Every structure is written in C-alpha cells, then in structure tokens.
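A.B. asks: coordinates only, sequence not included:
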C-alpha cells in the first residue's frame, strides 16, 4: 500500500457539493471528467454508466472525488448514516483556526452537532458538521504538536 488515493462521494446535487467543498472549504478542482462506455461499466459492475466526476485537492494534495451519476440513477434515497452506524461514517479534515471556520460555515447555513470541543487528551479541537448530501465531515485543529 502506497497511500490513500482519494475519497469518493456520490452526490445528487453537484452544484451544492461544489459550493460546500470548493467555495466554503476551499478545495481546488484539479480534474473534471465525463465517463461512459465499456471501461466504466466494467469497473463499476453496472451497465450503461454515465458519470461526471470532479476531483478536488486540499492544500496537502489529498483528493476527494465527487461523482454525479447521470445513469443509472439511484432508485433509493438511502437513510443518511449516523456517526455510530457500521461502515464508513465520515471524512476528517485538518484545519487551522477551527473557531473561525465554525463561525464562517454556520453563517453559510451549515449545521454542526456542537461548537468545537477540545478532546479529552487536549490534543485537538474537533467539530462535526454535514455536507449538503448529509455526509458527516469532521474538522480537526491540532492543538499539541507532539502526541504524548
């Protein structure tokens, strides 16, 4: 294993997702593609795939990939998972000045579980919010340079 390549997020509203990740959080678009045909059908294990993908980069070059499926269109509006549900539950981003980011995002209409809280070991200050698709996003400001 060499590293984590990207985190993929299937969205129903690409513009809303771009507003959150690009405009509010500051990710930069590095690649946009429209994919269809035998290759994408084969790797997805689904016939007649047509998907728009947009890769966005953080300052540290980690990527998220937004996927908007034109076909096949999901027939379900799956219940949004909770933080304690089994399986993948959230993406965590390292930030500077979490209090300012918290205020900025709240003013933009983003809902948080709570205001930023200092972890019990004093290592970090953390807050959870949801993106426009209902996915949990954890924001973490590291307070201590070296973990004890």
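C.D. replies: Noted; the coordinates are in hand. All values reported here derive from a predicted model rather than from experimental measurement. Residues are numbered from 1 along each chain as shown.
A.B. asks: domain boundaries for the chain, per the record?
C.D. replies: The chain resolves into domains spanning 7-71, 90-142 when parsed by automatic domain parsing.
A.B. asks: dump those to JSON lines, plus distance to residue 1, mean neighbour count and mean pLDDT.
C.D. replies: Yep, even glycine has a C-beta here, placed from its N, CA and C like the rest. Formatted as JSON lines, those follow (distance: least, Cβ to Cβ, whole Å; neighbours: other Cβ atoms under 10 Å; pLDDT from 0 to 100):
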{"stretch": "domain 7-71", "distance to residue 1": "15", "mean neighbour count": "15", "mean pLDDT": "94"}
{"stretch": "domain 90-142", "distance to residue 1": "19", "mean neighbour count": "15", "mean pLDDT": "95"}
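A.B. asks: just say helix, strand or coil for residue 48.
C.D. replies: The local conformation at residue 48, judged by DSSP: H, G, I helix; E, B strand; the rest coil, is coil.
A.B. asks: ok, for it, nearest residue in space, not its chain neighbours?
C.D. replies: In space, and not counting its chain neighbours, residue 48 is closest to residue 71: 5.5 Å by Cβ to Cβ, 6 or more residues apart in numbering.
A.B. asks: for the residue most central in space within the chain, pull up the helix or strand it's in.
C.D. replies: By Cα atoms, centre = their mean, the chain has its centre lying nearest to residue 91, at 5.6 Å. According to DSSP states H and E, residue 91 maps onto strand 90-94.
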